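Asker: Can you look at this prediction? I've put the sequence above it.
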Amino acid sequence: MFHRTERLLLRPFWPEDASAVLAGINNPLILKHLSSPPCPYGLADAQTFCALPFDDHLPNFAMIRRTRGVPELIGSIGLGRLGDDAPYEGAIQIGYWLDQRHWGLGYASEAARAVLQIAAAIGHRQIIGRHFVDNSASGRVLTKIGFRPTGRTLPLQSKARSAPAAAHELVCHLDALSDPSDGPDADVARVMYYDSIECAPLAA
């Protein structure tokens, strides 16, 4: 349940992370680009979020910036189910948020690449990504790591918006990436992930 990248540690959330989550996510510029968090966002919401059980096959990670001093929680990234309605039966999506103080430094792309490696290692083959039309930065992150537009634009609800807003949909076929689940980085992902959660891969 732990994964390390060049600058980040991805790990499960702990109860003591709640205040850092609140400080990072409780920003109108962040909340309006997220579909699920409540708005306004309070400490109780952060505590509930940090207490959610870790799902071995749909992991959600705290993004921890590794520093020479105390490591710093700067965001969240993970996988989740889109729902059971057509055409998304069983579909898996990626979602993330990043503290505004760390925008533009490549942390989201770095974390998302790692999550795709983990997704491939545990048996996922396709990941959906969505971003609001007015959040082009998130679109650039997704395309940079291998997502491609599906051509579908759909209304997406955000509790920070007064009405649903248009969102672009993208898809990443993990088998089509150059080495989504191969190479030394992926080997590290497998060893660290499977040794820590002691679970078998998903059925192909």
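Answerer: That came in fine, so what should we check first? Numbering: from 1, shown residues only.

Asker: which stretch of helix or strand covers the most centrally placed residue in the chain?
Answerer: Nearest to the geometric centre of the chain sits Ile77, at 2.6 Å (CA atoms, centre = their mean). Assigned by DSSP states H and E, Ile77 belongs to strand 72-81.

Asker: Point out the other helices and strands that that strand packs with.
Answerer: Under the contact criterion of 3 or more CB pairs under 8 Å, 6 or more residues apart in numbering; DSSP states H and E, strand 72-81 touches helix 18-25, strand 60-65, strand 92-98, helix 107-121. Just so you know, the C-beta spots here come from the backbone N, C-alpha and C atoms, and that holds for glycine as well.

Asker: Pull out the buried positions in the shortest one.
Answerer: The neighbour-count criterion (16 or more other CB atoms under 10 Å) identifies 60-65 as the buried residues of strand 60-65.

Asker: that older thread, do you know which of the helices and strands packed on strand 72-81 lies nearest Glu169?
Answerer: strand 92-98 (9.4 Å; CB to CB).

Asker: need the contact list for Glu36.
Answerer: Careful, residue 36 is Ser and not Glu. By CB atoms under 8 Å, 6 or more residues apart in numbering, the residues touching Ser36 are 95, 159.

Asker: For Pro12, see how far away Ala46 is.
Answerer: Going from Ala46 to Pro12 by CB to CB, to the nearest Å gives 15 Å.

Asker: Tell me which of those two has more neighbours.
Answerer: Ala46 (23 against 19; other CB atoms under 10 Å).

Asker: May I have the secondary structure class of that one?
Answerer: helix (DSSP: H, G, I helix; E, B strand; the rest coil).

Asker: So it is in contact with Glu16, correct?
Answerer: No. Using CB atoms under 8 Å, Ala46 is not in contact with Glu16, being 11.0 Å away.

Asker: related to what we said a few turns ago, to Glu6, which of the helices and strands packed on strand 72-81 lies closest?
Answerer: That would be, of these and by CB to CB, helix 107-121, which comes in at 6.6 Å.

Asker: Buried residues in the closest one, which are they?
Answerer: 107-108, 110-121.

Asker: Contacts only, for the nearest residue to Ala23 once chain neighbours are set aside.
Answerer: Closest residue in space to Ala23, ignoring its immediate chain neighbours: Asp99 at 7.7 Å, by CB to CB, 6 or more residues apart in numbering. Residues near Asp99 by CB under 8 Å, 6+ apart: 23-25, 27, 30, 74-75.

Asker: All good on my end, thank you.
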